[in-house]
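Colleague: got a sequence here, can you model it:
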Amino acid sequence: MGGQVRKSAVAGSWYPRDPSRLVAAVESFLGAVEPVELPGRLVGLVSPHAGLSYSGPVAAHGYSLLRDQQVGTVMLVDPSHRAVFEGACVYATGAFETPLGEVPVDEAIASRLLEESPEIRDAPGPHLPEHCFEMQLPFLRHLVPDLRIVPILINSQSREIVETLASALKRVLAGQQTLLVASSDLSHFEPAAVANELDAKVVGDVERFEAETLMDRLESAPEHACGGGPIVAVMKACRSLGADRATALRYADSGDVGPRDKSSVVGYLSAAFTASEA
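Modeller: Presented below is the predicted three-dimensional model:
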């Protein structure tokens, strides 16, 4: 394994740095989830990425499914909140620091992904300050033995890059044991009644597995989801890899936890894409 170890950007602020406290928090969220049996093979997830105390209760609904699934490499498809760039940036070598131990990059899959398009490039820099994929790692590192990841950031979330990435993922991952995770929060800083109405449209598109409808919606109103592009790319890739069912597992907003302020909230969704067993 080459490359650098990417240091945690938000451990100790967005989630506990102490390993025992982090495991306790993750297990408390997982333990509160009512068991759900989804038919078939889990191909992908949509998962939120706010501070663990806010989005963790929702994210746990998706990650609780991993207890009953064989999980190989996890492809993390995320929006860039801080860096501005064209195309898609892959963290292609090295590892990620977490309080629960380092998580190596699957360099073989990352290398094949980079070969698919000049729009997909090896660029670790934009990943260094980014929080969205890091907020998935406490659950993944706790639940998945021998976890390997390929983190992918997109910035513009245009239809062109979404299509390019989805097609590349289809070609690279065919026949591989992988899990796709799109990291996205939904609407931001609206009153809860407004946010819930806006978010219901995105949730409906996801649950109906209508990637094109969601892409159309995001082009006209990108404020619906900060990671809308990753959601669409993952939906398209999951469909091409055999997924035929989408399930919205949990929706909530930031006013459902903490001080329960409903005057200005962020929406969170956990959803799963599964393939029927032959």
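Colleague: looks to me like Met215 is in a helix.
Modeller: Yes: according to DSSP: H, G, I helix; E, B strand; the rest coil, Met215 belongs to a helix.
Colleague: quick one: secondary structure of the closest residue in space to it that isn't next to it in sequence?
Modeller: Nearest residue to Met215 in three dimensions, chain neighbours excluded: Val232, at 4.9 Å (Cβ to Cβ, 6 or more residues apart in numbering). Using the backbone N, CA and C atoms, a C-beta is placed for each residue, glycine as well. Judged by three-state DSSP, the three-state class of Val232 is helix.
Colleague: any low-confidence regions in this structure?
Modeller: In the predicted model of the chain, residues 1-2, 278 satisfy pLDDT under 70.
Colleague: hmm, back to that, tally of neighbours for the residue nearest to Met215?
Modeller: Residues near Val232, counting by other Cβ atoms under 10 Å, number 31.
Colleague: what's the answer for Ala237, then?
Modeller: Residues near Ala237, counting by other Cβ under 10 Å: 28.
Colleague: report the secondary structure state of it.
Modeller: Here Ala237 is recorded as helix under three-state DSSP.
Colleague: tell me who's in contact with it.
Modeller: 44, 165-166, 169-170, 173, 180 (Cβ atoms under 8 Å, 6 or more residues apart in numbering).
Colleague: do you know how far it is from Ser167?
Modeller: 8 Å (Cβ to Cβ, to the nearest Å).
Colleague: quick check: buried residues in stretch 221-229?
Modeller: 224-229 (16 or more other Cβ atoms under 10 Å).
Colleague: with secondary structure and distance to Gly31 added, can I get those in a markdown table?
Modeller: What follows is the buried residues of stretch 221-229, written out as a markdown table (DSSP: H, G, I helix; E, B strand; the rest coil; distance: Cβ to Cβ, whole Å):
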| residue | secondary structure | distance to Gly31 |
| --- | --- | --- |
| His224 | helix | 31 |
| Ala225 | coil | 28 |
| Cys226 | coil | 28 |
| Gly227 | coil | 27 |
| Gly228 | helix | 31 |
| Gly229 | helix | 33 |
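Colleague: ok, of those residues, which one's closest to Gly204?
Modeller: Distances from Gly204 to the buried residues of stretch 221-229, taken as Cβ to Cβ, are shortest for His224 (11.4 Å).
Colleague: re the thing from before, which pair in the contacts of Ala237 spans the largest distance?
Modeller: Greatest spacing in the contacts of Ala237, by Cβ to Cβ: Gly44 and Leu165 (13.3 Å).
Colleague: show me the contacts for the spatially closest residue to Asp256 that is not a sequence neighbour.
Modeller: Leaving aside its sequence neighbours, Asp256 sits nearest to Pro57 (Cβ to Cβ, 6+ apart; 7.8 Å). Neighbour list for Pro57: 29, 32, 250, 252, 256-257 [criterion: Cβ under 8 Å, 6+ apart].
Colleague: buried ones among the residues you listed?
Modeller: Of the contacts of Pro57, these count as buried by 16+ other Cβ under 10 Å: 29, 250, 252, 257.
Colleague: looking at the buried residues of stretch 221-229, which one is closest to Asp122?
Modeller: The closest of the buried residues of stretch 221-229, once distances to Asp122 are taken by Cβ to Cβ, is Gly229, at 19.8 Å.
Colleague: what is the neighbour count of the closest residue in space to the closest one that isn't next to it in sequence?
Modeller: Among residues not flanking Gly229 along the chain, Gln157 sits closest, at 2.8 Å (Cβ to Cβ, 6+ apart). Neighbour count for Gln157, taken as other Cβ under 10 Å: 23.
Colleague: which residues touch Gln157?
Modeller: Counted by Cβ under 8 Å, 6+ apart, Gln157 has contacts 79, 218, 222, 227-230.
Colleague: at 7 Å what do you get?
Modeller: 79, 228-229 (Cβ atoms under 7 Å, 6 or more residues apart in numbering).
Colleague: what do you get for Glu130?
Modeller: If you count contacts by Cβ under 7 Å, 6+ apart, Glu130 has them with 9, 78, 80-82, 153.
Colleague: can you show me the strands along the stretch 101-250 of the chain?
Modeller: 103-104, 120-122, 149-154, 178-183, 185-190, 245-253 (DSSP state E, counting those that start in this stretch).
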